[in-house]
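K.L.:
Got a predicted model here, sequence first, then my questions.
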Amino acid sequence: MEKRAIVAIALSAAILILYQLFFLPSPPAPPEAPKSEAPQESLQGKSVSSPSRPSVSPPPALPPPAAPKIAVVPPREVRVDTPRFRVSISTPGGRIADWVMKYRGERSVVPSESPAPFAFSLQRAGGASSDLLLETGTGSLLLSSTLREGTIRLEGVDQYRLAVATEFRFTAEDDRVEILFLLENRHRVPQQVELSTGWSLPPSAPPKGNAVDRAVRFTRVVGLNSSGLFRRPIAQLSGPTLTEGVRWIAVESDDHYLAALIPQTPQARSFEEGGGDKPGKIGLIFPSVTLAPGERAQVGMTLHVGPKEYDRLAKTGVGLEKSVDFGLFLWILPMEWFSVPILWVMNIIYRYTGNYGVAIILLTILTKVLFYPLTQKSMTSMKQMQTLQPQLNSLRAKYKNDNQRLQRETMELYRKHGVNPMGGCLPIVIQIPIFYALYVTLTVAVELQQSPLLCLGHLRIPNPFGNDPIFNNDVWICDLAQPDPTLILPLLMGASMFIQQKMTPTVGDPRQAKIMLLLPIVFTFTFLGFPAGLVLYWLVNNILSIAQQTYTNRQAQKVQTVEKETSRRLKETK
């Protein structure tokens, strides 16, 4: 039944399209002066049709009346300072010239060679755009715990007597700004306009000489529409690309920062263009608005710029938290199911400790406690297997030419001593997704950036034989998101892994056990470039495993001592 309905809908749509193409009369040509035959073009140069509204040509440019005329003032910048960021709005024009985040220090999202990142434009039929000179009578705005909300309003009238007012509404302790565009037709004829907003990007490769520029560089476009999440590198963008039914579109950086444009008006489209060695741009195109003389309309959007803190993104209510890429485990299991609760617990611990390094240590201990029964069962089973190793070797030597008999005798030996051969592996397999989720969480968590464990300051050791110093870095761990510059943490991790490997019961071929001793060396070199927070988790986990293995070995030794003593007494009794 559903297939028949789909076929019927498809046939109906085809008939309607063919009817409109071949049977409907073409619309009469408009007067030559307004040139309404030209297609409506968006700000990005892509032809966009507006089937839902009739095309209205712009009236001829008229000088604005003397009464509402706004005096021209020199260009200036209005600054808005909040606990989360500092923004500069330039006039005339209403562009956002700079956005400096206040997250573990100050960092701009606008590289030195980049144009003003955020701007908007009005477009009319035929590609004509409005020349907007927006001014404001307000000064700078400072938000704090006492003044939590504030608005910057800019006003102007274009050459077609369309009055435009733009309101930037800020809230303290928030990474977003609500932007409202208010339109009023002060002409005596109707006007049709299309509003678009854009976020400009510099070329992906920074120019030479700006190596010290710490500005955030966005590398990927990410967005959410009715089809789901889409993500593509900025370097691979080319011509203008339109996406229908967008919920939001954003650019993200490799170090987990985001600039998102969120429409408040339904049926908005997004666009992407440029990229690579050329400047790029993303933005929103809102549905065309037709205004009768004296009629007003408004279009709203939200601009969210800041670190990708999962809880803060989730509060936007538009699925912005999906921009945090937790990935999949074995290509089928979403790591978000595990990583989000882990991140939530880590943030709760941080609220009480004030140190993410301590939070990682306590989170590792908590994970170890939760999985203690499984790991203990695994260690006990491996210890039992090690005890039976001499008997297993005897069976292999005795039945080396009869595999079926060897398997039967081996299983009988396991049954006799109550040993499960899978008991050592199965508990570890169950824990693998959780351990991988911990790895993913500590890798993508922006909360670790600029967060210290035990920062002892900065050390610079001069080089007597050259200009470059021998050592010029922080001591010891001043940023959990960066590798340990002293290499102390990965070396400790490698040593703990070697000790743990030596303590682990060897089961199977002894030559394989020798090969396994090379793993700590391989892991040490691998972890030299890993974030310090991840290495810290691995080190603490190894230390706890060593303590648990020591306890297991002592318990097994006590059991063996009791068994030997019991056996001796039985012999004496006989």
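P.N.:
Looks like it came in fine.
K.L.:
Helices of the stretch 451-574 of the chain, start to end?
P.N.:
488-503, 510-516, 519-527, 532-573 (DSSP state H, counting those that start in this stretch).
K.L.:
what helices or strands is the longest one leaning on?
P.N.:
Packed against helix 532-573, as judged by 3 or more C-beta pairs under 8 Å, 6 or more residues apart in numbering; DSSP states H and E, are the following elements: helix 356-370, helix 372-387, helix 426-444, helix 488-503, helix 519-527. Every C-beta, even on glycine, is put in place using the N, C-alpha and C of the backbone.
K.L.:
Show me the shaky parts of the stretch 201-350 of the chain.
P.N.:
Counting by pLDDT under 70, the low-confidence segments of the stretch 201-350 of the chain come to 204-213, 275-276.
K.L.:
Which stretches in it count as strands?
P.N.:
Taking DSSP state E, counting those that start in this stretch as the criterion, the stretch 201-350 of the chain carries its strands at 218-225, 228-233, 241-243, 246-253, 257-263, 269-275, 278-285, 289-291, 296-307, 328-329, 333-334.
K.L.:
report the angle between the axes of the second one and strand 218-225?
P.N.:
Spelled out, it's strand 228-233. Going by axes from the mean of the first three to the mean of the last three C-alpha atoms, to 10 degrees, strand 228-233 is angled at 160 degrees with respect to strand 218-225.
K.L.:
Grab the CA positions of strand 228-233 and hand them over as PDB.
P.N.:
Extracted in PDB, the C-alpha atoms of strand 228-233 (Å, rounded to 0.1, in the frame of the first residue of the first chain):
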ATOM      1  CA  GLY A 228      21.000  14.900   8.900                       C
ATOM      2  CA  LEU A 229      24.500  16.100   9.800                       C
ATOM      3  CA  PHE A 230      26.900  17.000   7.000                       C
ATOM      4  CA  ARG A 231      30.600  17.900   7.300                       C
ATOM      5  CA  ARG A 232      33.200  18.800   4.600                       C
ATOM      6  CA  PRO A 233      36.600  20.300   4.600                       C
END
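K.L.:
Can you list the neighbours in contact with it?
P.N.:
The contact list for strand 228-233 (C-beta atoms under 8 Å, 6 or more residues apart in numbering) reads 219-224, 243, 272, 275, 322-323, 325.
K.L.:
quick one on the thing from earlier: with Arg124 as the reference, name the closest of the helices of the stretch 451-574 of the chain.
P.N.:
Proximity to Arg124, assessed across the helices of the stretch 451-574 of the chain by C-beta to C-beta, is greatest for helix 532-573 (53.0 Å).
K.L.:
what's the average pLDDT for the closest one?
P.N.:
On average, the pLDDT along helix 532-573 is 79.
K.L.:
again, but for stretch 178-186
P.N.:
For stretch 178-186, mean pLDDT rounds to 93.
K.L.:
now swap in stretch 380-395 and tell me
P.N.:
Mean pLDDT, computed over stretch 380-395, is 71.
K.L.:
Among the helices and strands packed on helix 532-573, which one carries the weakest average confidence?
P.N.:
Note on the helices and strands packed on helix 532-573: helix 372-387 shows the lowest mean pLDDT, a mean of 71.
K.L.:
related to what we said a few turns ago, now the helices and strands packed on helix 532-573 as CSV including distance to Gly137 and mean neighbour count?
P.N.:
What follows is the helices and strands packed on helix 532-573, written out as CSV (distance: least, C-beta to C-beta, whole Å; neighbours: other C-beta atoms under 10 Å):
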stretch, distance to Gly137, mean neighbour count
helix 356-370, 45, 19
helix 372-387, 66, 18
helix 426-444, 44, 18
helix 488-503, 56, 19
helix 519-527, 58, 15
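K.L.:
Can you say which of those is nearest to Ser339?
P.N.:
Smallest distance to Ser339 across the helices and strands packed on helix 532-573 (C-beta to C-beta): 4.5 Å, for helix 426-444.
K.L.:
Buried ones in stretch 99-112, by neighbour count?
P.N.:
99-101, 103-104, 107-111 (16 or more other C-beta atoms under 10 Å).
K.L.:
what's the farthest-apart pair in these?
P.N.:
Using C-beta to C-beta, the pair of the buried residues of stretch 99-112 lying farthest apart is Arg104 and Pro111, separated by 19.4 Å.
K.L.:
Is Phe371 in contact with Ile434, as I believe?
P.N.:
Yes: using C-beta atoms under 8 Å, Phe371 is in contact with Ile434, at 7.4 Å.
K.L.:
quick one, which of the helices and strands packed on helix 532-573 is nearest to Asn541?
P.N.:
Of all the helices and strands packed on helix 532-573, it is helix 356-370 that lies closest to Asn541, at 5.4 Å by C-beta to C-beta.
K.L.:
Low-confidence regions, the stretch 51-200 of the chain specifically.
P.N.:
Scanning the stretch 51-200 of the chain for pLDDT under 70 picks out 51-74, 126-131.
K.L.:
just curious, which of the buried residues of stretch 99-112 is nearest to Val540?
P.N.:
Nearest to Val540 among the buried residues of stretch 99-112: Arg104, at 23.0 Å, using C-beta to C-beta.
K.L.:
What distance do you get for the residue nearest in space to the middle of the chain to Val340?
P.N.:
Nearest residue to the geometric centre of the chain (C-alpha atoms, centre = their mean): Val324, 3.2 Å. Using C-beta to C-beta, to the nearest Å, Val324 is found at 9 Å from Val340.
K.L.:
Identify the contacts common to these two.
P.N.:
Shared contacts of Val324 and Val340, counting by C-beta under 8 Å, 6+ apart, come down to Tyr310.
K.L.:
and the gap between Ile285 and Ile249?
P.N.:
11 Å.
K.L.:
what's the answer for Thr136, then?
P.N.:
Separation of Thr136 from Ile249 (C-beta to C-beta) stands at 28 Å.
K.L.:
which of the two has more neighbours?
P.N.:
Between Thr136 and Ile249, counted using other C-beta atoms under 10 Å, Ile249 has the larger neighbour count: 26 against 20.
K.L.:
Please verify my assumption that Gln549 contacts Gln500.
P.N.:
Yes: here Gln549 reaches Gln500: they are 6.8 Å apart, a contact under C-beta under 8 Å.
K.L.:
quick revisit: format the helices and strands packed on helix 532-573 as TSV; extra columns: distance to Phe118.
P.N.:
Listed next are these as TSV, based on distance: least, C-beta to C-beta, whole Å:
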stretch	distance to Phe118
helix 356-370	32
helix 372-387	51
helix 426-444	26
helix 488-503	41
helix 519-527	40
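K.L.:
wait, which of those helices is closest to Ser144?
P.N.:
Among those, the nearest to Ser144 by C-beta to C-beta is helix 356-370 (25.8 Å).
K.L.:
I'd like to know which elements the closest one is packed against.
P.N.:
Using 3+ C-beta pairs under 8 Å, 6+ apart as the contact criterion, the elements in contact with helix 356-370 are helix 336-353, helix 426-444, helix 532-573.
K.L.:
Could you export these as CSV, including distance to Gly280?
P.N.:
Formatted as CSV, those follow (distance: least, C-beta to C-beta, whole Å):
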stretch, distance to Gly280
helix 336-353, 28
helix 426-444, 24
helix 532-573, 32
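K.L.:
between those helices, which gets nearest to Lys398?
P.N.:
Closest to Lys398 of those, according to C-beta to C-beta: helix 532-573, at 24.4 Å.
K.L.:
got the angle between the closest one and helix 519-527?
P.N.:
For helix 532-573 against helix 519-527, the angle by the same axes, to 10 degrees is 170 degrees.
K.L.:
what angle separates helix 532-573 from helix 336-353?
P.N.:
Per the same axes, to 10 degrees, the angle that helix 532-573 makes with helix 336-353 is 100 degrees.
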